[in-house]
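J.: attaching a predicted model along with its sequence, questions to come.
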Amino acid sequence: MDTMTSFAADRARRTAQVDRWLAELLGAEPGVALVAVGGYGRKELLPRSDLDVVLLHDGRDGIAGIADRIWYPVWDSGAELDHAVRTVPQARRVARGDLKVALGLLSARHVAGDPDLTERLRAGALEDWRAAAPARMAELRAAHDERTRISGELAFLLEPDLKEARGGLRDVHAIQAVAAAWVAPAPGPRVRTAYEQILDARHALHEITGRRLDRLVLEEQDEVARALGLLDGDVLLRMLAGAGRTVAYGVDHTFRQTDRLRGRRLRRRQAERRPLADGVVEQDGEVVLARAADPAGDPVLVLRAAAAAAQAGLPLAPRTLDRLTECPPLPVPWPAPARDALLALLGAGRAAVGVWEALDTEGLITSLIPDWERVRNRPQRNPLHKFTVDRHLVEAAAHAATLTREVARPDLLLLAALLHDIGKGWPGDHSVTGEVVARDAGRRMGLPDPDVELIASAVRHHLLLPVVATRRDLDDPVTVKQVAALVPSRALLELLHALAIADGLATGPAAWNEWKATLVADLVRRVTAVLAGEPMPGPAPLREDQLALAAEGGPAATVRGSEVTVVAPDRPGLLWRAAGVLASHRLTVRSANATSVGGTAVTVFDVEPEFGDPPDPTLVAGDLRRMLLGRLDVEDRLERRARAVPPRGAVIPAPRVTLVDEASDTATVVEVRAHDAPGLLWRVGRALGECGLNVRAARVETLGAEVVDVFYVTGEDGELLTDRDRRRATVGSVLAALAG
């Protein structure tokens, strides 16, 4: 007996034991029946499941005493009990006004007592459900949408709610409820298999934790995986992602059928068939194959039908998907019509996502792009990412479709977006492995060699622009020259710019924002000038108001939105001391640049609030001026704030400090990777200052709970940090500051 079968057997055994126990508690009582509903009614008792029971009676006296005789032993056993005592008319009346009760009665099962009472309840509940089908279907859809809003989508969550999330157990119950109304078929074999996989995972979670849990948290995933006979938590998440997508596709199709049935009732005539492409037509709001279509003799039909569906904004009918599996494999290299159809599919933007998911559910994507199997349903254990790797690629292509007017080769942009993270299915740097896979995929698709190389280069360097823009000083000429050396053509630069936007938007709101978009655009502008042989753009000059403050010599501080300007007589440590003041006001520094004007230092910070509304700018500016005058103890302020932060429970990796050589001709670049914490920039800056180093500029990128801070530093005489002992001491000092 395999692991999955053993869980199902355990549920059946547990249910039978409870049935016998409750039957003994009831005894021989006329006019009374015990009815299991909900999960207990479906014989799905998990180790910590509630017992959902209705005590039915025909109006007889003494029913309260009978109920007590049953409920108290159950409570004494420690079992959770969801119970009701009702007559059949009462139970039906409550169900008509309560969707949850109505759904529970759809799975009503006789346990003990008078079977006629149970049958009357079952028949009556079904009759009421079918009579109110239009209203009930709308309630089901609204409940599904609300669950999705609250719990998200099971397939793409790192800690999914197995019951409530979209694609979870509740959605299969919804499909069953629609089937009970005779509106759509019951769950098919794929949905039933997916349901059992999710149910088994929930069963194992109950067993391991000893608690009634529905959310599969990170700490339990490896152990749940082992209980299911799987290698580890990643394999478990991949299995659940596939199951969740299967269920989500199934419930979407079920709800479309309910909408279509309502449309037929309003229309009262047979739907027409409208041609969409060769062998592809629309019928009743879905894309189906024409009567003369021959899937077995047309390998391009899969992509042609998918492109037609996406361009029309319609779903592919399940029967059509079944027939498309009969198509023979595409020849390699692909014929031009297949490539054109793929580009038409991706070019449909958001409409392509659902169509792609439908093809993937049937295994058609991996038959087209075999390398897709290695990223299919692969989780990304990164809080910035909203999706599995494969869905992220499709989302990126959808966003890229909105940028096709911005590049000379929109076709290559779509393909590069679809393939940019394909290397995450292999060990090592995914950009490096992805270049190889993308080159193979491009040749498979029949692209000319120059186009294949352009896509491969885009995949190889798809992180270049956002990483450099956020972690390097764009005013340093070396930064721009190094990017231009890696991106030797305007065509590739255009692709990388659009791809950076599409990738960031597809990742999530924390990965792409106006600040990052502005930095990337600035870097692209500078590299474009270098590629065109034009003078490299210089740093943005100080504004007149900043120059006026510098002329006065300071100390002064101004706050304008996200920009903070600090002016004072030039002396070491100004940048990091000001950063400490900003941190004390819960402001995160994203970048900082220090400029000297006639012996006066002008430091400009770009900041954002850690959370909530920004602090009062008057208070921030006042504290900065007090710090400049030596009247504010920044260290004490930050220590008090650190004590107010709750202790960290998560295990985090040790910080890393790296000196990046050749990143600048005028400064040494210190890169710090660490877990985010209040005042981090201040602590690192102070450590650098204690090493006799001046911080000329800083760049800060926050990636979830991790930060990558980059500091441009020089010695007291403006020299680079070259002495081996001093370099080692600097790294040690920063690490000590991070540990403190």
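T.: On my side now, so go ahead. None of the values given here were measured: they were computed from a predicted structure. Residues are numbered from 1 along each chain as shown.

J.: show me where the stretch 451-600 of the chain has its strands.
T.: Applying DSSP state E, counting those that start in this stretch to the stretch 451-600 of the chain gives strands spanning 556-560, 563-569, 587-597, 600-609.

J.: er, the stretch 201-350 of the chain actually
T.: Along the stretch 201-350 of the chain, the segments classed as strands by DSSP E, counting those that start in this stretch run 273-277, 280-283, 286-289.

J.: make CSV from the ones you listed and add distance to R260, mean neighbour count and mean pLDDT to it.
T.: Just so you know, the C-beta spots here come from the backbone N, C-alpha and C atoms, and that holds for glycine as well. CSV is the format used below for these (distance: least, C-beta to C-beta, whole Å; neighbours: other C-beta atoms under 10 Å; pLDDT from 0 to 100):
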stretch, distance to R260, mean neighbour count, mean pLDDT
strand 273-277, 15, 14, 92
strand 280-283, 10, 20, 95
strand 286-289, 8, 22, 95
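
J.: which phi and psi values does the residue nearest the centre of the chain adopt?
T.: The residue lying closest to the centre of the chain (C-alpha atoms, centre = their mean) is K386, at 1.1 Å. Taking degrees, to the nearest 10, you get phi -90, psi -20 for the backbone angles of K386.

J.: send the alpha carbons of stretch 33-51 over as PDB?
T.: Provided in PDB are the C-alpha atoms of stretch 33-51 (Å, rounded to 0.1, in the frame of the first residue of the first chain):
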ATOM      1  CA  ALA A  33     -31.500   9.700  13.100                       C
ATOM      2  CA  LEU A  34     -27.900  10.700  13.300                       C
ATOM      3  CA  VAL A  35     -26.700  12.300  10.100                       C
ATOM      4  CA  ALA A  36     -23.000  13.100   9.200                       C
ATOM      5  CA  VAL A  37     -22.600  16.300   7.100                       C
ATOM      6  CA  GLY A  38     -19.600  18.200   5.700                       C
ATOM      7  CA  GLY A  39     -16.200  16.400   5.800                       C
ATOM      8  CA  TYR A  40     -17.600  13.700   8.100                       C
ATOM      9  CA  GLY A  41     -20.400  13.100   5.600                       C
ATOM     10  CA  ARG A  42     -17.800  12.700   2.800                       C
ATOM     11  CA  LYS A  43     -15.900  10.200   5.000                       C
ATOM     12  CA  GLU A  44     -12.900  12.600   5.100                       C
ATOM     13  CA  LEU A  45     -12.200  12.600   8.800                       C
ATOM     14  CA  LEU A  46      -8.700  13.800   9.500                       C
ATOM     15  CA  PRO A  47      -6.800  13.400  12.800                       C
ATOM     16  CA  ARG A  48      -8.100  16.800  14.000                       C
ATOM     17  CA  SER A  49     -11.300  17.200  12.000                       C
ATOM     18  CA  ASP A  50     -14.500  18.500  13.500                       C
ATOM     19  CA  LEU A  51     -17.400  16.100  13.800                       C
END
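
J.: wait, the residue nearest to the centre of the chain touches F156, no?
T.: Yes: between K386 and F156 there is a contact under C-beta atoms under 8 Å: 6.1 Å.

J.: circling back to that earlier point, nearest to P333, out of the strands of the stretch 201-350 of the chain?
T.: Smallest distance to P333 across those (C-beta to C-beta): 22.2 Å, for strand 273-277.

J.: measure V695 to L688 for me?
T.: Relative to L688, V695 is positioned 6 Å away (C-beta to C-beta, to the nearest Å).
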